[in-house]
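K.L.:
what's the 3D shape of this:
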Amino acid sequence: MEATTMQDNDVYDLVGIGFGPSNLALAIAIEEHNNGCPPAERLRAVFLEKQDDFGWHRGMLFEDATMQVSFLKDLVTMRNPNSDYSFVSYLHANGRLADFINYKSMYPLRVEFHDYLYWAASRVKDSVHYGHTVTDVVPVRGGALLDVTAGARTFRTRNVSVAVGLESSLPPGVASAERVWHNLDILHRAAAFEVAEPRRFVVVGAGQSAAESVSFLHERYPSAEVCAVFFRYGYSPADDSNFANGIFDPEAVDLYFDAPADVKRMLFDYHRNTNYSVVDGDLIEDLYRRAYREKVLGRTRLRMLNASRIADLTAVPDGITVVVEHLPTGERTPLDADAIVFATGYRPVDVTRMLGAAGEHCLRDEQNLLRVTRDYRMVTDDDLRAGIYLQGGTEHVHGITSTLLSAVAVRSGEIVASLAASPRDVADRPLALIGDR
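P.N.:
Residues are numbered from 1 along each chain as shown. Below you'll find the predicted structure:
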């Protein structure tokens, strides 16, 4: 991709807010669209990312952690199997295609998939401004356009695509601190113990991230005790069976979108165990084997405090003190630990707050949820005619895939089709376009 001229007074067809996998897939889809159509029909886009470089959950890139989705659900393949932005193309470019075939798995290492994303992002870097935090989005020209402000710069556009992901969620009353972590930062935070000898860690949560955090700490610090605390009696396996996985197929989005509200809720509840608060079966078995082996050897370091909760948490010099309550008996056990990790999930970002002035024009349904059309465009009042596309946070409309990698390839194609079909004044379009060669 050649360099694109960026001027503050240009009118873009799209400004992307955030540059994780979703808007990365969209940038690629726009480039491929532009390469296949005449200049007058091409789309011009720029993406704004607050990080200084591309990064995706860097704090959870454990060396042995694998993806939970097939490599075929990469940035492009489900939309365009011929794309040279596929994971297979990445493997070929890096001389590992034969090795991966011999690896005999549909699930790459997470560090490898991150490298794939970085490889793809580097190829579209000319359409991205890193180190740009969006502070306001203001309707202009009677609501036909939007001014997106990031620092000292303003980008005028006909549409925006909001893909800012999720933010870490801690229990009420708990705040992040030196020894109180969310699992999203575990690799960065744990580095502080590289020259120390931690005695005990506490990990709260029953999902995949919690189990991975337990496994990581137990392996990394062979002299430390690791206490897993969760409400359940034990970790529950993820349902990745053949038929259940159909809930992630593109066709399922159409069915979900058109279904009555009560059916939507039923389907979501039935299949939440494909993704939420569940753990890969292999990891469950591995942790159980470790715990059993330690019992046999009489050196227990891995403790499963099931059917329990954190009743109290107090910061002390060089650590924390927690009180773990066993829910069936009410028995309370105090534990001194070097740190506590809350693998307690994520919550949606308040998109309307982030959109600033434009957010006031976004309409909600009777349950106060944002109204979104099938093509991921938010429904706005009559004073805002510019398009706001929402990538993520639309489970109530599009189903369980809304926040998952499974959707990014097909969704980006649907958004590009919607952008291309939207009327625009060709006369005021600049000539510099994404994908010009």
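K.L.:
How far away from the center of its chain is stretch 207-217?
P.N.:
Relative to its parent chain, stretch 207-217 has a centroid offset of 18 Å by C-alpha atoms, centre = their mean, to the nearest Å.
K.L.:
And stretch 21-30, by the same measure?
P.N.:
On C-alpha atoms, centre = their mean, the centre of stretch 21-30 falls 14 Å from the chain's centre.
K.L.:
can you list contacts of it?
P.N.:
The contact list for stretch 21-30 (C-beta atoms under 8 Å, 6 or more residues apart in numbering) reads 14, 16-17, 19, 43, 45, 47, 54, 56, 75-76, 79, 83, 85, 117, 120-121, 124, 127-128, 161, 163, 165, 391-392, 405, 408-409, 411-413, 415-416, 419, 434-435. Just so you know, the C-beta spots here come from the backbone N, C-alpha and C atoms, and that holds for glycine as well.
K.L.:
Leaving out chain neighbours, which residue sits closest to the residue nearest to the spatial centre of the chain?
P.N.:
By C-alpha atoms, centre = their mean, the chain has its centre lying nearest to Gly165, at 5.1 Å. In space, and not counting its chain neighbours, Gly165 is closest to Gly20: 5.4 Å by C-beta to C-beta, 6 or more residues apart in numbering.
K.L.:
So what does that neighbour have for phi and psi?
P.N.:
phi -90, psi -160 (degrees, to the nearest 10).
K.L.:
and what of the one 5 residues further on?
P.N.:
Dihedral angles phi and psi of Ala25 (degrees, to the nearest 10) take the values phi -60, psi -40.
K.L.:
how much space between the residue nearest to the centre of the chain and Gly330?
P.N.:
To Gly330, Gly165 is 39 Å away according to C-beta to C-beta, to the nearest Å.
K.L.:
Please apply the same query to Gly205.
P.N.:
22 Å.
K.L.:
neighbour count winner among the two?
P.N.:
Gly205 (23 against 8; other C-beta atoms under 10 Å).
K.L.:
who's in contact with that one?
P.N.:
Residues counted as contacts of Gly205 (C-beta under 8 Å, 6+ apart) are 183, 213, 230, 342-345.
K.L.:
Name the nearest residue to Ala93, sequence neighbours excluded.
P.N.:
Leaving aside its sequence neighbours, Ala93 sits nearest to Trp119 (C-beta to C-beta, 6+ apart; 7.2 Å).
K.L.:
can you pull the contacts of that neighbour?
P.N.:
Trp119 neighbours (C-beta under 8 Å, 6+ apart): 90, 93-94.
K.L.:
helix or strand right after the helix or strand where it lies?
P.N.:
Following DSSP states H and E, one finds Trp119 within helix 110-123. Downstream of helix 110-123, the next assigned helix or strand under DSSP H and E is strand 128-130.
K.L.:
Which elements pack onto that following strand?
P.N.:
Contacts defined by 3 or more C-beta pairs under 8 Å, 6 or more residues apart in numbering; DSSP states H and E place strand 128-130 against strand 45-49.
K.L.:
Rounded mean pLDDT for the strand it packs on, please.
P.N.:
Per-residue pLDDT values over strand 45-49 give a mean of 98.
K.L.:
What strands line up against it, and which way round?
P.N.:
When pairs are called by DSSP bridges, strand 45-49 turns out to pair with strand 14-17 (parallel), strand 128-130 (parallel).
K.L.:
got the buried residues for the very next helix or strand once past the last one?
P.N.:
Same thing as strand 128-130. Where DSSP H and E defines the elements, the next helix or strand beyond strand 128-130 is strand 134-140. If you call a residue buried by 16 or more other C-beta atoms under 10 Å, then strand 134-140 has these buried ones: 134, 136-137, 139.
K.L.:
which residues of the stretch 201-350 of the chain fall in strands?
P.N.:
Along the stretch 201-350 of the chain, the stretches classed as strands by DSSP state E, counting those that start in this stretch are 225-229, 302-305, 308-316, 319-326, 332-337, 339-342, 346-348.
K.L.:
Pipe those into JSON lines and attach mean neighbour count, distance to Arg293 and mean pLDDT per row.
P.N.:
Converted to JSON lines, the strands of the stretch 201-350 of the chain look like this (neighbours: other C-beta atoms under 10 Å; distance: least, C-beta to C-beta, whole Å; pLDDT from 0 to 100):
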{"stretch": "strand 225-229", "mean neighbour count": "24", "distance to Arg293": "14", "mean pLDDT": "98"}
{"stretch": "strand 302-305", "mean neighbour count": "19", "distance to Arg293": "9", "mean pLDDT": "98"}
{"stretch": "strand 308-316", "mean neighbour count": "15", "distance to Arg293": "23", "mean pLDDT": "95"}
{"stretch": "strand 319-326", "mean neighbour count": "17", "distance to Arg293": "24", "mean pLDDT": "97"}
{"stretch": "strand 332-337", "mean neighbour count": "15", "distance to Arg293": "23", "mean pLDDT": "97"}
{"stretch": "strand 339-342", "mean neighbour count": "26", "distance to Arg293": "23", "mean pLDDT": "97"}
{"stretch": "strand 346-348", "mean neighbour count": "14", "distance to Arg293": "33", "mean pLDDT": "84"}
